[in-house]
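Asker: Return atomic coordinates for the entry below.
(2 chains)
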Amino acid sequence: KNEVEQSPQNLTAQEGEFITINCSYSVGISALHWLQQHPGGGIVSLFMLSSGKKKHGRLIATINIQEKHSSLHITASHPRDSAVYICAVRFGKTSGSRLTFGEGTQLTVNP
Amino acid sequence: GAVVSQHPSWVICKSGTSVKIECRSLDFQATTMFWYRQFPKQSLMLMATSNEGSKATYEQGVEKDKFLINHASLTLSTLTVTSAHPEDSSFYICSARAGEDGFEQYFGPGTRLTVT
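Answerer: Numbering: from 1, shown residues only, chains lettered A, B, ... in the order given. Here you go, the predicted structure:
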């Protein structure tokens, strides 16, 4: 069964802390997405990864294909980073397969 | 990066009426668009996949006569909720696939539908 698991489910941090959110999946994938969903509901695509590491501002995403694991890091966290972070995976080797979503991690950053 | 827009961002309608939600890819051509539904505190649930110029493929349990999807051009897909019922109240999100290999996928901001 193709599964995506995120941890932790909920995370509370103090402003300035380094944050890590994890995503594990069950079988081989062709792409992994990290998404951010703010309280109003809008979804922002943060990263799409198939290997290695990507960085954008204070956000870093890594993926280890052999271990079937990805992490999203936030450096110098800020209250505006408070949101739900969702890992979504495309199983298989082709672009035709659908995305499978993790349950999301609710991040709250307190000032 | 690529931008996907949705209109309206929120809508309130009465039971029995129909509501149309538009999804546009603003700066790229999207051969495939996806429609998702999200209930509070839950993850996105795929409703249907639409390819430009052809009929949408609906997921099991999604009523195609209730949720009409039209993908008339490479930049526009519409979802029409027909004979809306309060249980249709939800957050509807579209997503468009871009890129030569089709792996890139971008999400719209979502439309919150409330049926009274």
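Asker: Starting from the worst-scoring helix or strand of chain B on mean pLDDT, tell me which strands it pairs with and how they run.
Answerer: One helix or strand of chain B scores below all others by mean pLDDT, DSSP states H and E: strand B:104-107, with a mean of 85. If you go by DSSP bridges, strand B:104-107 pairs up with strand B:90-98 (antiparallel).
Asker: Show me what counts as buried in the helix or strand just after the least confident helix or strand of chain B.
Answerer: Remark: after strand B:104-107, the chain's next helix or strand is strand B:111-115, criterion DSSP states H and E. Residues of strand B:111-115 classed as buried by neighbour count (16 or more other CB atoms under 10 Å in any protein chain shown): B:T111, B:R112, B:L113, B:V115. For the C-beta atoms, the positions are set from N, CA and C on the backbone; glycine is no exception.
Asker: so which of these also contact chain A?
Answerer: Among these, the residues that sit close to chain A (CB under 8 Å from any CB of the partner chain) are B:R112.
Asker: Tell me, what's the model's pLDDT at B:R97?
Answerer: Note for B:R97: predicted pLDDT of 86.
Asker: Quick one: residues contacting it.
Answerer: Residues near B:R97 by CB atoms under 8 Å, 6 or more residues apart in numbering or on different chains: A:S95, B:A30, B:T31, B:T32, B:M33, B:F34, B:E104, B:Q105.
Asker: Closest to A:E15 out of those?
Answerer: B:Q105 (31.7 Å; CB to CB).
Asker: That closest one contacts A:S45, correct?
Answerer: Yes - with contact defined as CB atoms under 8 Å, B:Q105 reaches A:S45; the gap is 7.3 Å.
Asker: Between the two, point out the one with more neighbours.
Answerer: Neighbours of B:Q105 and A:S45, each counted by other CB atoms under 10 Å in any protein chain shown, are more numerous for B:Q105; the result is 26 against 18.
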